[in-house]
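Asks: With the input below, show me the fold.
(chains A and B)
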2 protein chains.
Amino acid sequence: MARFAVRVDISHLPGVADPQGATVERALPALGYANVSELKISKSIRLVVDADSPDAARAQVAEMCERILANPVIEAYEISLSELAVS
Amino acid sequence: MARFAVRVDISHLPGVADPQGATVERALPALGYANVSELKISKSIRLVVDADSPDAARAQVAEMCERILANPVIEAYEISLSELAVS
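Replies: Predicted coordinates:
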């Protein structure tokens, strides 16, 4: 059994509106930042998972994303994973 | 003038509670995921900025983080930046 540090980036699928990002982007010129564009706000989840292999860890986190962490109808997720040294 | 793709990761400072992450983590064992720990939810912002140099772009985004994108009292931010090819 090994321990993995996992990072999941959850962003909107292409074509899905990002009202939070759009609101921030609209506010920026009035604050003096007229040179900013394509602002998107998304969510990152970091977690630690115990699994037999990197593949098993990745498969479990993908299942968790489909079931609870993300909304696959409107969100895409990207999983990156690194093994932690056993202490 | 160059164009930079910027990613800002905004997470809680150490010691600041992450109730959203704690709630998700508490729900996981009942869903069959008892091997997950240290779950934290944070925010990522992607944006494009026009600036004279990478240093200027980074300095501007750091100022934007201090002023509006993050709350420096409870949040830490990390800026990563790559130059976009001019099209």
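
Asks: Buried residues, the longest strand anywhere in chain A. List them.
Replies: Longest strand in chain A, counting residues (DSSP state E): strand A:36-51. Within strand A:36-51, the residues that count as buried by 16 or more other C-beta atoms under 10 Å in any protein chain shown are A:36, A:39-51. (Each C-beta comes from the backbone N, C-alpha and C, glycine too.)

Asks: ok, residue A:41 - contacts?
Replies: Applying C-beta atoms under 8 Å, 6 or more residues apart in numbering or on different chains to residue A:41 gives the contacts A:18, A:20, A:21, A:24, B:43, B:44, B:45.

Asks: hmm, back to that, between all of the buried residues of strand A:36-51, which two are separated the most?
Replies: A:36 and A:50 (41.2 Å; C-beta to C-beta).

Asks: gap between the two ends of stretch A:46-61?
Replies: Start-to-end span of stretch A:46-61 (C-alpha to C-alpha, to the nearest Å) is 11 Å.

Asks: same question for it, mean pLDDT?
Replies: For stretch A:46-61, the mean pLDDT works out to 96.

Asks: distance between it and the chain's centre?
Replies: Mean C-alpha position of stretch A:46-61 versus that of the full chain (C-alpha atoms, centre = their mean, to the nearest Å) differs by 16 Å.

Asks: now what about that stretch, what contacts it?
Replies: Stretch A:46-61 has contacts (C-beta under 8 Å, 6+ apart) with A:1-8, A:69, A:79, A:81, A:83-84, B:25, B:33, B:35-40, B:42.

Asks: do the same with stretch A:22-39
Replies: Residues from elsewhere that reach stretch A:22-39 (C-beta under 8 Å, 6+ apart): A:21, A:41, B:45-51, B:60, B:64, B:67-69.

Asks: From the contacts of stretch A:46-61, list the buried ones, please.
Replies: For the contacts of stretch A:46-61, a burial check counting by 16+ other C-beta under 10 Å picks out A:3-4, A:6-8, A:69, A:79, A:81, B:25, B:33, B:36, B:39-40, B:42.

Asks: Export those residues as JSON lines, with columns for pLDDT.
Replies: Listed next are the buried ones among the contacts of stretch A:46-61 as JSON lines, based on pLDDT from 0 to 100:
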{"residue": "A:3", "pLDDT": "96"}
{"residue": "A:4", "pLDDT": "97"}
{"residue": "A:6", "pLDDT": "97"}
{"residue": "A:7", "pLDDT": "96"}
{"residue": "A:8", "pLDDT": "97"}
{"residue": "A:69", "pLDDT": "96"}
{"residue": "A:79", "pLDDT": "97"}
{"residue": "A:81", "pLDDT": "96"}
{"residue": "B:25", "pLDDT": "96"}
{"residue": "B:33", "pLDDT": "97"}
{"residue": "B:36", "pLDDT": "97"}
{"residue": "B:39", "pLDDT": "97"}
{"residue": "B:40", "pLDDT": "96"}
{"residue": "B:42", "pLDDT": "96"}
